[in-house]
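K.L.:
Sequence and predicted model, in that order:
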Amino acid sequence: MPELDTPEQALAYLAQISPNRRFRVTPFAMGWVCSPILGAEQNTLSKRVGLAKLVIDSTTGVVTQYPSWPASRVAQTYTAARRHGTPPAGRQIYPPRWRITIQRTREDSATIDYEMTAVSLTNPAELNQEHPLTINKRTYRHEPRDPLSNVAMSQAEWSSRQNRGTWPEYATTEF
């Protein structure tokens, strides 16, 4: 677990996760609220609206993403959740909670089938999942439609776009 006691330590930690972004960090009782700093060319009202805030928990190192709420609201919401033992309202973005792997099993001109394996990276671990995933190549509709399959489909679709329409035989992503 990294030390996250100073603004410099929090910024160094964020640089490992997102090396191309700069942040302003604000301390609060449970850690740090992190606000993205826009460059001069990005600093327009339309670019500032909707910028997500991050929370770094200084005890666990978990980074949670929140909407573009004021830093004080993010800190209050996170603190209340931790004190009540409930999950934070935001979404954990680091460290990854799942490793998802797809392996192509069949392909024709209209659809592609994969065997999807999702391995929990949390402690305690959630139940791993393994099942077929079928994607319509034209519409990107897929079955099943659970959250982990959605991520797997997005990874496969992104890979196919990067490879000019060639769908991956094998791919892995973490989130």
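P.N.:
Good, I have the coordinates.

K.L.:
Show me where this structure has its helices.
P.N.:
7-17, 45-48, 71-84, 147-162 (DSSP state H).

K.L.:
Packing partners of the first one?
P.N.:
Based on contacts counted as 3 or more Cβ pairs under 8 Å, 6 or more residues apart in numbering; DSSP states H and E, the elements that helix 7-17 packs against are strand 22-28, strand 31-37, strand 53-57. Just so you know, the C-beta spots here come from the backbone N, C-alpha and C atoms, and that holds for glycine as well.

K.L.:
now those in JSON lines, with mean pLDDT, mean neighbour count and distance to Ser160?
P.N.:
JSON lines is the format used below for those (pLDDT from 0 to 100; neighbours: other Cβ atoms under 10 Å; distance: least, Cβ to Cβ, whole Å):
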{"stretch": "strand 22-28", "mean pLDDT": "96", "mean neighbour count": "16", "distance to Ser160": "33"}
{"stretch": "strand 31-37", "mean pLDDT": "96", "mean neighbour count": "22", "distance to Ser160": "30"}
{"stretch": "strand 53-57", "mean pLDDT": "97", "mean neighbour count": "23", "distance to Ser160": "30"}
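
K.L.:
I'd like those laid out as CSV, including distance to Glu126.
P.N.:
Below are the helices and strands packed on helix 7-17 laid out as CSV (distance: least, Cβ to Cβ, whole Å):
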stretch, distance to Glu126
strand 22-28, 28
strand 31-37, 24
strand 53-57, 19
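
K.L.:
looking at those, which is closest to Ala156?
P.N.:
strand 53-57 (27.7 Å; Cβ to Cβ).

K.L.:
relative orientation of that closest one and helix 71-84 in degrees?
P.N.:
Inter-element angle recorded for strand 53-57 and helix 71-84: 40 degrees (by axes from the mean of the first three to the mean of the last three Cα atoms, to 10 degrees).
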